[in-house]
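Chemist: Fold the stuff below for me.
(one chain, ligands or ions: 2)
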Amino acid sequence: MFEMLKRDGLARIGRFETRSGAVETPALLPVVNPKICTVSPRELRDEFGFEALITNSYIIKNSPDLRRDAVERGLHEMLDFRGAIMTDSGTFQSHMYGEVEVTNEEMVEFQKSIGTDIGTVLDIFAEPSWTREQTAESIEVTLERTAKACSMKGEMMINGVVQGSVYQDLREDCARRMAAMDADVHPIGGIVPLMEQYRYSDLVDVVISSKKGLDPSRPVHLFGAGHPMLFALAALMGCDLFDSASYAKFARDDRLMFTDGTYRLQDMQSLDCPCPACRGMALEGLRRLGGRERTALIARHNLYQIKSEMALVKRHIREGRLWELAEARCRSHPALLDALRRLGGHSAFMERFEPVSRDGAMFYTGPETYGRPVFRRYAERLASRYAPPADGAAVFRDAGSKPYGRAFAAEFDRARRAGLTPVTASPFGPVPAELDEMYPIAQSVFPSIADLETERRMGAEFGERVSSMFARAVPGGDVPEGGAEEADPDLLRAKAVARYQFGMDEAEALFRGEIELVVSRKTGKIRNVVSDGEHVLSMRAGDGLYTLRMEGARRIASAAPAPRMRVAVSDDAAPFVSEGKNVFCRFVTGCDESLVPMDEAIVVDGSDRPIATGRLLMVAGEIRSFKKGMAVRVRSGSGEED
Ligand code: GUN
Ligand code: ZN
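Modeler: Ligands and ions are numbered 1, 2, ... in the order given. Predicted coordinates:
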């Protein structure tokens, strides 16, 4: 059973159990060729810390000695590996060498008989060159074989491989039908030729379309992907497992893996690698080593690169900064940059998993950053959830200092006295003064020298968007002194952020009757919103967004019909949740589909009565499929009234 421990968008740190122990993801499974042990399985575990490996049951079955040994002693004894072992089925051999003379049933039975933890169906490797018809037919066979394998699996976990070549609708359909079967892990297959041909942008389409159909509660394996330069991007798209034969294959032809690509020993000008395998070794020394020794050293170097990049990916997931790492990695090869650009085309899908905010600021790394879902979300919410307080705008330009209201304090005041809304041209688009302290506007860092795309956004595009929002716009520097009475900027901000975060009707319900704002004496920032004597919202200093109080939750629940902002729990869990206990997936009976990770959620009981508020950790589809894990981190329950 897979559990998500930490997430950043679609990327996740997770954990699943096998008969031979737990595997934490994202993880790379080194490929062990039972005939050539470049690095022994024992060393893979003890020295490198790999919890799982993959080997090939087809090779074992076809080699009489290995076969006898595996059947007699079991795979774990034979390889001397105490962790989880995944086996492949011969499909890759059919891709490389043509037909294989075994059946699906034989392979599944054999994998069971040698004690494999995760066995693989004999799927059909759909080549990128295949026609749609050929691909569609082969998928039917793969699905039939997967159904058969699932019915035979016993204690063994099953890899249900998603095929579909480069046809996105076929991929998604295959994934959806795989998800309906009793498989345990889903490799995305048929992608090796795409990687060999550097067709990484096609790989992005393949992964995203597969993810759309798959069940979020099962680990996804990118079959045959083992280059560290790909990990960040693939993890960002929700891939959990990888496997690498390359660490050993490349080593045999003197190629060294780094996070920015593969380098041939003969072309390198210096080694300068601090990994434990290379430490103290100069390029000349490495070249002079005997063949065997050199291969052994390079294979270990490759494994250390893999390990350290995986650790870096995990750290970035924990810190909510995986986009930054993926963007950096994708700049090491134009084909990877294409992949990153292609991913920008999937931002509508990515946005559903994008957290409402994160700790710390987001960094711009280049024009591809505009493909991140935060930009799309801001533009959409500004269009649908912003109500200008007046019909005129005074226009300013982001000069790097944030929040804008601090940078242009006197100018903003003057604009307001003239009855105008200060609006700043930012890389996100127009930022009305009311929204300039919240995530991601104030919590983002851009270079002070703008590139052409940023200029376009802050120039021509900004002009168009401001004129669609306001009847007139004047340059901020041209606003005359004096004028009307100043509207209360804090109240405007308090309402605008509520609309942006919760929606128009929801904000209406929160700001009812007499409003009192509690403002920090030290920072001048809004702390609490009190409406008709009741504390409904608190504003977080870090991201300028709200946490919802019980009374606020009740207001929204009576104004906006279910399931809006709700997470419904079963009546047996309700008493615990109302006492402040967290909500776990298995107790959830319904969830608003439009909520995104880290959104404020209203927990309700079976009769739609609000019983707690908290932050949502998973989206509705995830909550439905995960059996384990926390869905809402509860802040306060109605039983412990605030
Ligand atoms: N190894 C690399 N790609 C594949 C694939 O598509 N199917 C299987 N079974 N193994 C693979
Ligand atoms: Zn090294």
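Chemist: Next, the contact list for whatever residue of the stretch 51-200 of the chain ends up closest to ligand 2, please.
Modeler: Ranked by Cβ to the ion, the top residue of the stretch 51-200 of the chain for proximity to ligand 2 is residue 53, at 20.9 Å. Every residue, glycine included, has its C-beta placed from N, CA and C. Contacts for residue 53 were tallied using Cβ atoms under 8 Å, 6 or more residues apart in numbering; they are 29-32, 41, 44, 79, 81, 83-86.
Chemist: pretty sure it belongs to a helix, no?
Modeler: No - secondary structure assignment (DSSP: H, G, I helix; E, B strand; the rest coil) places residue 53 in strand, not in a helix.
Chemist: Would you mind measuring from it to residue 240?
Modeler: Look at residue 53 and residue 240: by Cβ to Cβ, to the nearest Å, they are 16 Å apart.
Chemist: how near is whichever residue of the stretch 1-150 of the chain sits closest to ligand 1 to residue 474?
Modeler: Minimum separation of the stretch 1-150 of the chain from ligand 1 (Cβ to the nearest ligand atom) falls at residue 91, amounting to 3.3 Å. In this view, residue 91 and residue 474 are 66 Å apart by Cβ to Cβ.
Chemist: Name the residue in those two with the higher neighbour count.
Modeler: Comparing residue 91 with residue 474 by other Cβ atoms under 10 Å, the one with more neighbours is residue 91, at 26 against 16.
Chemist: which parts of the chain sit against ligand 1?
Modeler: Within the chain, the positions adjacent to ligand 1 are 88-89, 91-92, 120, 123, 125, 161, 189-190, 192, 223-224 by Cβ under 6 Å from any ligand atom.
Chemist: now, among the residues you listed, which is nearest to residue 344?
Modeler: residue 190 (24.1 Å; Cβ to Cβ).
Chemist: just checking, that closest one touches residue 127?
Modeler: Yes - with contacts counted by Cβ atoms under 8 Å, residue 190 reaches residue 127, the gap being 7.0 Å.
Chemist: of those two, who's got more company?
Modeler: residue 190 (29 against 16).
Chemist: So which of the contacts of residue 53 is the closest to residue 313?
Modeler: Using Cβ to Cβ, the contacts of residue 53 come closest to residue 313 at residue 29, 15.2 Å.
Chemist: Surely the closest one and residue 50 touch.
Modeler: Yes - assessed by Cβ under 8 Å, residue 29 is found in contact with residue 50 at 7.2 Å.
Chemist: Briefly note if whichever strand or helix holds residue 235 comes near ligand 2.
Modeler: Taking DSSP states H and E as the criterion, residue 235 maps to helix 228-236. No - using Cβ under 5 Å from the ion, we find that helix 228-236 stays clear of ligand 2, coming within 11.9 Å at best.
Chemist: Show me how far that helix is from its chain's centre.
Modeler: Distance, stretch centre to chain centre, for helix 228-236: 11 Å (Cα atoms, centre = their mean, to the nearest Å).
Chemist: my guess is residue 49 meets residue 307, correct?
Modeler: Yes - the pair residue 49 and residue 307 qualifies as a contact (Cβ under 8 Å) at a distance of 7.0 Å.
Chemist: Report the contact partners of residue 167.
Modeler: 132, 135-136.
Chemist: Is it possible to mark the buried ones in the residues you listed?
Modeler: 135-136 (16 or more other Cβ atoms under 10 Å).
Chemist: Including secondary structure and pLDDT, could the contacts of residue 167 go into a markdown table?
Modeler: As requested, those are exported to a markdown table (DSSP: H, G, I helix; E, B strand; the rest coil; pLDDT from 0 to 100):
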| residue | secondary structure | pLDDT |
| --- | --- | --- |
| 132 | helix | 98 |
| 135 | helix | 98 |
| 136 | helix | 98 |
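Chemist: As CSV, the contacts of residue 167 with distance to residue 336 would be great.
Modeler: Listed next are the contacts of residue 167 as CSV, based on distance: Cβ to Cβ, whole Å:
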residue, distance to residue 336
132, 27
135, 26
136, 30
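Chemist: from the contacts of residue 167, which is closest to residue 293?
Modeler: residue 135 (45.0 Å).
Chemist: Please name the residues that touch that closest one.
Modeler: Going by Cβ under 8 Å, 6+ apart, the list of residues near residue 135 reads 126, 163-165, 167, 170.
Chemist: quick one: which of those residues has the most company?
Modeler: Result: residue 163 is most packed of the contacts of residue 135 (other Cβ under 10 Å), 31 neighbours.
Chemist: So that residue is in contact with residue 128, correct?
Modeler: No - applying Cβ under 8 Å as the test, residue 163 and residue 128 come out as separate, 11.2 Å apart.
Chemist: now the strands: where do they sit in the stretch 251-400 of the chain?
Modeler: 255-258, 261-264, 362-363, 392-397 (DSSP state E, counting those that start in this stretch).
Chemist: Could you report the pLDDT at the residue in the stretch 351-500 of the chain that ligand 2 sits nearest to?
Modeler: Nearest residue of the stretch 351-500 of the chain to ligand 2: residue 365, at 26.3 Å (Cβ to the ion). Residue 365 carries a pLDDT value of 98.
Chemist: ok, and the closest non-adjacent residue to it?
Modeler: Distances taken as Cβ to Cβ, 6 or more residues apart in numbering put residue 327 closest to residue 365, at 4.3 Å, once the chain neighbours are dropped.
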